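> Here is a sequence together with a model predicted from it:
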Amino acid sequence: MRTTFDNPAGAPGPFANYSQVARVDLGSGALLVLSGQIAVTEDGQPLPSQDMRVQAENVFATITALLAAHGATLADIVNIRSYLTDMDDLPAYGAVRRRLFPTEPPTSTTVQVSRLFRPEALLEVDVIATVRST
């Protein structure tokens, strides 16, 4: 078993001293553990929109890019952890999730938190995915 850490091109970099992806190679496959993602612009600034759907779409676009850098897709996600600052936004967030995971959705935990590290962020999402080794 070998673990590598990565900040792949094509996705916003981390806000501090951490890696966006940990890849744990397990022989014929690998486990991808992604750091929590918030909605950001192309230059890494917090997304100014206070619309949950807009932020959720942006977060999953970043997750898609991080997974793609390791040969994975949203279909390879096995667990999603979501942190919302207001559980009243759950229906809007859920609508995005239902569109992205229409059948066999991954395991999931969603909690409300009092705040995130950036006040503009309405949610933070981290995922675990599996992928076949190349």
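Received it, and whenever you're ready, just let me know what you need.
> Please name every helix or strand in contact with the longest strand that the chain contains.
For the chain, the longest strand by residue count, based on DSSP state E, is strand 123-132. Contacts defined by 3 or more Cβ pairs under 8 Å, 6 or more residues apart in numbering; DSSP states H and E place strand 123-132 against strand 29-34, helix 52-68, strand 77-84. Quick note: C-beta positions are derived from backbone N, CA and C, even for glycine.
> In contact with the residue of the chain positioned farthest from its centre, which residues?
In terms of distance from the mean C-alpha position of the chain, Gly27 ranks first, at 24.6 Å (Cα atoms, centre = their mean). Applying Cβ atoms under 8 Å, 6 or more residues apart in numbering to Gly27 gives the contacts Ser133.
> Give me the pLDDT for it.
At Gly27, the predicted lDDT confidence score is 87.
> Using the three-state scheme, assign it.
Counting by DSSP: H, G, I helix; E, B strand; the rest coil, the backbone at Gly27 sits in coil.
> Roughly how far does it sit from Val59?
Per Cβ to Cβ, to the nearest Å, Gly27 is found 31 Å from Val59.
> so where is the chain shaky, pLDDT-wise?
Low-confidence segments of the chain, defined by pLDDT under 70: 134.
> one step back: for the longest strand of the chain, which positions count as buried?
Leu123, Glu124, Val125, Asp126, Val127, Ile128, Ala129, Val131 (16 or more other Cβ atoms under 10 Å).
> again with stretch 79-94
Ile80, Ser82, Tyr83, Leu84, Thr85, Asp89, Leu90, Ala92, Tyr93.
> Repeat that for stretch 16-29.
Applying 16+ other Cβ under 10 Å to stretch 16-29 flags Ser19, Gln20, Val21, Ala22, Arg23 as buried.
> What strands line up against the helix or strand hosting the last one, and which way round?
Spelled out, that is Arg23. Assigned by DSSP states H and E, Arg23 belongs to strand 21-25. In the sheet containing strand 21-25, its partner strands are strand 2-6 (antiparallel), strand 29-34 (antiparallel), by DSSP bridges.
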